Every structure is written in C-alpha cells, then in structure tokens.
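Q: below: sequence and its predicted model.
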2 protein chains.
Amino acid sequence: MNFGFLLFHDLEELDFVGPWEIMNVWRIYANGPNCLTVSEKKGEIVCAKGLKLIAEYSFEDCPALDYLLIPGGKGRKQEMHNQTLLNFVKNQSKNCKQIASVCTGAFILHSAGLLQNKLATTHWSSLEELRALKDVNVEEKRFVRTGNVWTAAGISAGIDMALAIIAEEAGEETAGQVQLYAEYYPDNKRYGSAHKNEKAPAYVK
Amino acid sequence: MNFGFLLFHDLEELDFVGPWEIMNVWRIYANGPNCLTVSEKKGEIVCAKGLKLIAEYSFEDCPALDYLLIPGGKGRKQEMHNQTLLNFVKNQSKNCKQIASVCTGAFILHSAGLLQNKLATTHWSSLEELRALKDVNVEEKRFVRTGNVWTAAGISAGIDMALAIIAEEAGEETAGQVQLYAEYYPDNKRYGSAHKNEKAPAYVK
C-alpha cells in the first residue's frame, strides 16, 4: 500500500507535515502504508513559509497510490489551474481507498472534479470562496467526509483528520496508539479573543 | 530578531515543523522574528520518518540567534554527544531570549548544560531516561519552563509550547491571532485505550 503526499511550491508546511508524521507513525508502529512525496517534477520544493523540501517522485515515476493527501497553501491558487497536476490527481484517485485535502487543498480536489455535491471544508478565511463554488456542501467542522473523500479545515486540522482516517482504515485502537506516540492531546487553551472573530468557523465558537 | 531551528539527521518531522509553522505565522501576521533553519553543514537533512529537508545555514554562517528551538527524534542519540553541535547550542544560547526543545530534544539541551536544576519534560517513552539524569526536575506536563528554557513533551506538544512562547513574547492577543490563523483548536478526541497505558504521561490521564 502507498500513501502519496502531493507537494507543490508554496504549500503550507504544517498542512503536509502534520498528516505526514501521523501516517508515518501508523506505518512504523502499526503496519500502515508506505508514505511517499510526489510533485510534478521531483526535487526541491519551496513551501509557503520558506521551508525547502525535496520531493522523491515525479508524476511520471510515482507508483500507484492507495491513499492521496493534498495540502493547501497559497500555491494552490496556481495549482488549481494546472492541468498536469489535476490529471495526476484525477487518475490516481480512481484507485485510492481514501483521498484527502487539508486547508485550501480542497480547491485542488474541486478542480479535479472530486468534490462536487460532497460535504467539504477549508481554511476559515476561504470558506466564502468554497461556498461560492455552489456545487459543494460546506460544513464548518474540523474535518468532514463524503464517502472516501475527506477535507480538513485549516492547517493543524489535518492532524485530526489523519487520526480519523487511521481509525476508519485500521480501527480505533490503532488510531489511539498513533495518537499516544505523537502525544496528540493538546491542552485546548484558547489565547486572547481571536477565536471570537466573526469569520472564525462554527466549530471554534 | 532571528528564530533559529536546529536541524540534524533523523530529527522527528513534526517536532520541528509544528513550531516552524506557528513561528512563521507570528512572523508574517504579527511582526514576529525572522525564522531560519541551521545545521552543522548546510544542505540535505533526512528526517526520522524519511522526509528530506534543506538546511539554509551552517553553524559557521548562522547569524546571531534571539530564539533557538531544538527538535527531538532518534538522531538526538548521536547529536547529544556531538561536541560541535553542543558548542553551537551553548554559544548561541547565551544571547537568546528564549530557548526551547521539543520531545527528546531535551537531551541535547541537557548535554549542552542548559537543563541542570530546571523543570523539564520529553516524549513519554523517554521520561525514565530524563529522570535518570538526576539533575533535572521532570514534570509530566504538555510543556514546562524554568526562566527562558522551555521543554515540550512529545512531537505535537511543540505546537502548544510555540503558542505559549508567543504569548510570553508578544501577548495573549497575538498568540490568539496566530492560533486562529493555524486553526489550532483540536477536537480533543481520544481514540481507543492507548492513553490509559501506564507509561502515558500524567497530563494525559
């Protein structure tokens, strides 16, 4: 089994690395799928906040994927119109057990024709844009799914979604073991008043 | 102001990228410090779970740091005996406003002489090893601090610590804005029974 993480320039670092960490813990401690990075051309990727990563596979030499995760970040504005990337997503998704986006990666899923008439969410600052697509049922939750297509809200929400995908695929006990290893028991403190912002998503209020 | 993130082979990906994301959001949206990556030699770093990163600065050309964060991961077992790395940490820490470790990065802080007689924590599976050092006051919390030296528990706990450091340096409202941008309002679900493991840290129970 192969879990592919789609990389592109100006992706948001934690959108990708949160689920990457969680899925690799699943791989190592509970026999989860092999995890790999893939981008249009293999090699250096400069992320939205400046981190430089190296993508291992190109679209040409990427093996068949059983799982696919698409991060967001400002680079999605270009990639949602990149037909080569959209074709890769479309073709790989046909055989995927689960397909997921984090944050504004939802717009790439939509451009690839995978989000029509499904529940979906995205980063709170892009909810309006997601609603304006008209053919998506937006829910302001930490993550939502319709069938095998999952979308997470902004940035860190990908971690919660990743654990839920493991629970779905390998059961709650396995998800719990991964959660313990990654010590994902946040203290849930809310700083200041920002979460009362009228644009904050419903699940935060 | 410069916030340095120490990279080394076999670091744990989320230990580093969680705080990297949070501190960069601080930089971009609320005038936080410049964020940079530094390792003994600049260039490719292969992380514990296989992700390849590129470190921008070497120890030689790294600017003076005002903040320093040290991730953990299995690579720390080698790096806690690497005198070149320990000297870099010692020398840079003299002028740092805040110094922090995530997960087993605490053992590097200790080897650099920065954790003696201070409160500290680490990944739950290494708490015993931290206690055995005798000269550290172990507390099983999500993160702890003594003065300007901070340590976080395993992997994802670095995100909570990063927000607390921002609250300390720039106030609760700024920390709240960063938290909203990163949507760090986890759903706090506990999967299965792993968190009841007798080795799970006190704050989880």
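A: Perfect, I can see it now.
Q: check contacts around residue A:138.
A: Residues near residue A:138 by CB atoms under 8 Å, 6 or more residues apart in numbering or on different chains: A:119, A:120, A:121, A:127, A:130, A:131. (Each C-beta comes from the backbone N, C-alpha and C, glycine too.)
Q: correction: residue A:78
A: By CB under 8 Å, 6+ apart, residue A:78 lies in contact with A:8, A:9, A:10.
Q: likewise residue A:20?
A: Counting by CB under 8 Å, 6+ apart, residue A:20 touches A:5, A:35, B:13, B:14, B:49, B:51.
Q: distance of it from residue A:14?
A: Distance of residue A:20 to residue A:14, given as CB to CB, to the nearest Å: 10 Å.
Q: just give me the neighbour total for the closest residue in space to residue A:178 that isn't next to it in sequence.
A: Computed as CB to CB, 6 or more residues apart in numbering or on different chains, the closest residue to residue A:178 that is not its neighbour in sequence is residue A:25, at 4.7 Å. For residue A:25, the neighbour count with other CB atoms under 10 Å in any protein chain shown is 25.
Q: show me where chain A has its strands.
A: A:2-6, A:34-39, A:43-46, A:52-55, A:57-58, A:67-70, A:98-102, A:119-120, A:137-138, A:143-146, A:149-152 (DSSP state E).
Q: who wins on neighbours among the contacts of residue A:20?
A: Highest neighbour count within those, by other CB under 10 Å: residue B:14, with 37 neighbours.
Q: what are the boundaries of the helices in chain A?
A: For chain A, the helices defined by DSSP state H cover A:13-30, A:76-79, A:83-93, A:106-111, A:127-131, A:157-170, A:172-181.
Q: what's in contact with the fifth one?
A: Counting by CB under 8 Å, 6+ apart, helix A:127-131 makes contact with A:106, A:107, A:110, A:120, A:121, A:122, A:136, A:138, A:140, A:199, A:201, all of which sit outside it.
Q: wait, which of the residues you listed is closest to chain B?
A: Chain B lies nearest to residue A:201 out of those, by CB to the nearest CB, at 7.5 Å.
Q: ok, that closest one - contacts?
A: Residue A:201 sits next to A:121, A:124, A:127, A:140, A:141, A:153, B:183 when contact means CB under 8 Å, 6+ apart.
Q: for the residue nearest to residue A:178, what are its contacts?
A: Residue A:25 makes contacts with A:32, A:178, A:181, A:182, B:49, as judged by CB under 8 Å, 6+ apart.
Q: would you list those in JSON lines and tack on distance to residue A:68?
A: Output for those, formatted as JSON lines (distance: CB to CB, whole Å):
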{"residue": "A:32", "distance to residue A:68": "15"}
{"residue": "A:178", "distance to residue A:68": "19"}
{"residue": "A:181", "distance to residue A:68": "23"}
{"residue": "A:182", "distance to residue A:68": "21"}
{"residue": "B:49", "distance to residue A:68": "18"}
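Q: quick check: beta-bridge partners of the closest residue to residue A:158 other than its chain neighbours?
A: Closest residue to residue A:158 apart from its sequence neighbours, by CB to CB, 6+ apart: residue A:102 at 3.5 Å. On the basis of DSSP bridges, residue A:102 is bridged to residue A:152.
Q: quick revisit: for the contacts of helix A:127-131, work out which two are farthest apart.
A: A:110 and A:199 (20.7 Å; CB to CB).
Q: and the residue lying closest to residue A:90 once chain neighbours are set aside, how close does it get to chain B?
A: Closest residue to residue A:90 apart from its sequence neighbours, by CB to CB, 6+ apart: residue A:112 at 5.0 Å. Here the criterion is CB to the nearest CB, to the nearest Å. By it, residue A:112 lies 23 Å from chain B.
Q: now do residue A:112: how many residues are near it, please.
A: Around residue A:112 sit 21 other residues, with neighbours defined as other CB under 10 Å.
Q: report the contact partners of it.
A: By CB under 8 Å, 6+ apart, residue A:112 lies in contact with A:86, A:89, A:90, A:93.
Q: mind checking pLDDT for it?
A: On the pLDDT scale, residue A:112 is placed at 98.
Q: now it. Its backbone dihedrals?
A: Note on residue A:112: backbone dihedrals following degrees, to the nearest 10 are phi -80, psi 0.
Q: ok so, going back, which one of the contacts of residue A:138 is nearest to residue B:157?
A: Residue B:157 has its nearest neighbour among the contacts of residue A:138 in residue A:121, at 25.6 Å by CB to CB.
Q: surely that closest one meets residue A:139?
A: Yes - look at residue A:121 against residue A:139 with CB atoms under 8 Å: they come within range, at 5.8 Å.
Q: of those two, who's got more company?
A: residue A:121 (30 against 16).
Q: for residue A:103, see how far away that one is.
A: Relative to residue A:103, and taking CB to CB, residue A:121 is found at 9 Å.
Q: for those two, list the residues in contact with both.
A: Where contact means CB under 8 Å, 6+ apart, the residues bridging residue A:121 and residue A:103 through contact with each are A:152, A:153.
Q: quick one, grab the pLDDT at residue A:188.
A: Note on residue A:188: pLDDT of 86.
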